[in-house]
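Visitor: I need the structure of the sequence given here:
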Amino acid sequence: MMLTALFKDLELGERIKVKELRQLVCDDPTYQNLTMEEEDKMKQDVLELREQKKVGAHPTNKSAAQDYRAQMTQMNNEARCSLISLFYC
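Guide: Model prediction:
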């Protein structure tokens, strides 16, 4: 059984605990003798998913609002630093 199929069967908000996941990997013979290429591919898939989550659509309004607030704070800080550098140069 491939673990990706297991994740697709989860309901929204459902999660697998790390202990359960480790046990599933240990029990599944397809994960026992992975080549370096297969292992690297799996790692790359995880990294891509993490990157997508960083910049992708937000699942809740709260997370979208937090991102908006953080972006506006960053923009305000950059604008403030630019104005200060104009007056003190």
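
Visitor: Just the C-alpha atoms of the helix or strand harbouring Leu24, please, in PDB.
Guide: Per DSSP states H and E: Leu24 is located in helix 18-27. The C-alpha trace of helix 18-27 is given here as PDB (Å, rounded to 0.1, in the frame of the first residue of the first chain):
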ATOM      1  CA  VAL A  18       3.800  10.500  13.600                       C
ATOM      2  CA  LYS A  19       3.900   7.200  15.600                       C
ATOM      3  CA  GLU A  20       1.300   5.700  13.300                       C
ATOM      4  CA  LEU A  21       3.000   6.900  10.200                       C
ATOM      5  CA  ARG A  22       6.400   5.500  11.200                       C
ATOM      6  CA  GLN A  23       4.700   2.200  12.000                       C
ATOM      7  CA  LEU A  24       3.000   2.200   8.500                       C
ATOM      8  CA  VAL A  25       6.400   2.800   6.900                       C
ATOM      9  CA  CYS A  26       8.100   0.000   8.800                       C
ATOM     10  CA  ASP A  27       5.300  -2.400   8.000                       C
END
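
Visitor: roughly how far is it from the heart of the chain?
Guide: 20 Å (CA atoms, centre = their mean, to the nearest Å).

Visitor: Buried residues, that helix. List them.
Guide: Neighbour-count burial for helix 18-27, counted by 16 or more other CB atoms under 10 Å, picks out no residue. No exception for glycine: its C-beta is placed from N, CA and C like everyone else's.

Visitor: Against which helices or strands is it packed?
Guide: The contact analysis (3 or more CB pairs under 8 Å, 6 or more residues apart in numbering; DSSP states H and E) places helix 18-27 against helix 3-8.

Visitor: so for the helix it packs on, what's the average pLDDT?
Guide: Helix 3-8 carries an average pLDDT of 66.

Visitor: Can you check the distance spanned by stretch 10-25, start to finish?
Guide: Using CA to CA, to the nearest Å, one end of stretch 10-25 lies 17 Å from the other.

Visitor: what's the spacing between that stretch and its chain's center?
Guide: Centroid separation for stretch 10-25 versus its chain: 16 Å, with CA atoms, centre = their mean.

Visitor: From here on, call the first residue 14.
Guide: Shifting the count to begin at 14 puts that one at stretch 23-38.
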